[in-house]
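Trainee: Just need the structure, nothing else, for what follows:
(one chain, ligands or ions: 1)
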Amino acid sequence: MRKHIVAGNWKMNKNLQEGVALATELKEILAAEAPNCDVIIGTPFIHLATVSELLKDSCIAVSAENCANHDKGAYTGEVSAEMVKSTGAEYVILGHSERREYYAETPEMLKEKVDLALANGLKVIFCIGESLEQRENNEQEAVCKAELAGSVFHLSAEQWKNIVIAYEPIWAIGTGKTATAEQAEEIHAFIRSCVAEVYGQEVADETSILYGGSCKGSNAPELFGKPDIDGGLIGGASLKAADFKAIIDAWK
Ligand code: 13P
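Mentor: Here you go, the predicted structure:
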């Protein structure tokens, strides 16, 4: 059966010392009480090497929050997928709405990033989701399908095994407005049907689809209780060990 996953996305929070302290605390908490799901933390680039080393023998995997859409060369300030991989990180989050919106990442650029990430042995947490306006116009299905078609549906079935999808409605990110479990389930089931159209039902049934957007300990059990919601991609509530643990515990 497909994996249940709780992944944190620290975004641009925590300096190196704070990040190491949080990773250490999580490692200790989860060593004392093993999680019932896969646990991933997404950290800024500068944390990756230290945190990957720290979590080497733990049940927690490490993810970058971005990577470049070029292989290597004169791209000042960029970090390549190969560099991410060399830190010991296993995953990269791509397609986050904040990157699409504030850094003008296009489906074409994201396709390049996805290809480079996979070519360098990283797994990808690929984010999709509609804006409030698109939701009000009932365009959420078309938006999600187009985002998948634009950046990941060119992959082979073999490559697809390294893709995790995160559905993150933009109107729910950092707003305290969570999609209801029913709203989330409806679109997760739709996303799975899109995957089935391209890769077949068996592959779709093995694909983990995470929910993101104001997910916390109080709403995670209801969300994760839905058949097509396989876990969460967590922003704010991943910044404190106890809050993150409460979400991980939703799988117990
Ligand atoms: P919040 O959990 O803070 O709403 O953020 C969700 C998110 O964007 C995770 O990638």
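Trainee: List the buried residues for the lowest-mean-pLDDT helix or strand in the chain?
Mentor: When the helices and strands of the chain are compared on mean pLDDT, DSSP states H and E, helix 132-136 comes out lowest with a mean of 94. By neighbour count, and taking 16 or more other Cβ atoms under 10 Å as the criterion, the buried residues in helix 132-136 are Q134, R135. From N, CA and C alone the C-beta is placed, and that goes for glycine too.
Trainee: try stretch 234-252
Mentor: Going by neighbour count (16+ other Cβ under 10 Å), the buried part of stretch 234-252 is 234-239, 241, 244-251.
Trainee: Next, the residue of the chain found nearest the ligand: phi, psi?
Mentor: For the chain, the nearest residue to the ligand under the criterion Cβ to the nearest ligand atom is G235, separated by 2.3 Å. Torsion angles at G235 (phi, psi; degrees, to the nearest 10) stand at phi -90, psi -100.
Trainee: and the nearest residue to it once chain neighbours are set aside, what are its phi and psi?
Mentor: Across the structure, with Cβ to Cβ, 6 or more residues apart in numbering as the measure, the residue nearest G235 apart from its sequence neighbours is N9 (5.3 Å). Listed backbone geometry of N9 is phi -130, psi 100, with angles given as degrees, to the nearest 10.
Trainee: Could you do the one 3 residues further on as well?
Mentor: According to degrees, to the nearest 10, the main-chain angles of M12 amount to phi -100, psi 60.
Trainee: Pretty sure it sits against F45.
Mentor: No: using Cβ atoms under 8 Å as the test, M12 is too far from F45 to be in contact (10.6 Å).
Trainee: Compare the two and say which is more crowded by neighbours.
Mentor: When M12 and F45 are compared for neighbours, F45 comes out ahead with 16 against 7, by other Cβ atoms under 10 Å.
Trainee: returning to that earlier point: next SSE after the least confident helix or strand of the chain?
Mentor: Following the chain from helix 132-136 toward its C-terminal end, the next helix or strand by DSSP states H and E is helix 140-151.
Trainee: Could you list every helix and strand in contact with that following helix?
Mentor: Helix 140-151 is packed against helix 107-119, strand 123-128, helix 181-199, with contacts defined by 3 or more Cβ pairs under 8 Å, 6 or more residues apart in numbering; DSSP states H and E.
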